[in-house]
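Asker: Sharing a sequence plus its predicted fold:
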Amino acid sequence: MTRAVLDTNVYVSALVFGGKSARVLQLAAAGVFQLIVSESIQAELLETLATRFAWPADRTAEVCAQLWDAAHWVVHPQQVRAARDPEDDHVLACALTAGADVIVTGDHDLLVLHPFRGVDIVTPAEFLANWVA
């Protein structure tokens, strides 16, 4: 089974705007691939939805509970310093620590690293076209 880390921007896009990112979350909820998440990704999502979109934390937690309950949690990710934007390093660290196959993101600072230490880095559209049936 494919093991995938979703960058925060994929969650935000899915929850706020829908589209291909929402389809990726639907497939994760259906167990089509193993979702991998870390506390830093969770915290970044909660903060982004609260500050940029005025979502209360309990709403975000409720929406993501089903996904995150079935997810593989990375507790102590290794340190990584590789992204052009250091704030993206935690996504790389989560993927490497968990042995993920792929990172799904819309962030160009991560996409330019494809592949990174054996982990593919793709957009939601590429993930849907090439990683899931």
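Answerer: Noted; the coordinates are in hand. Just so you know, these numbers come straight off a predicted model, no measurement behind them.

Asker: Could you pull out the strands in this structure for me?
Answerer: Assignment of strands within the chain using DSSP state E yields the ranges 3-6, 34-38, 72-74, 102-104, 120-122.

Asker: Please identify the deepest-packed of these.
Answerer: The highest average neighbour count among the strands of the chain, using mean count of other CB atoms under 10 Å, belongs to strand 102-104 at a mean of 27. For every residue, glycine as well, the C-beta is placed using N, CA and C.

Asker: Pairing partners for that one, with directions?
Answerer: Note on strand 102-104: by DSSP bridges, its sheet partners are strand 3-6 (parallel), strand 120-122 (parallel).

Asker: Turn the ones you listed into a markdown table, including distance to Val74.
Answerer: Output for the strands paired with strand 102-104, formatted as a markdown table (distance: least, CB to CB, whole Å):
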| stretch | distance to Val74 |
| --- | --- |
| strand 3-6 | 8 |
| strand 120-122 | 17 |
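
Asker: Contacts only, for Val10.
Answerer: By CB atoms under 8 Å, 6 or more residues apart in numbering, the contact set of Val10 is 21, 24-25, 104-106, 124.
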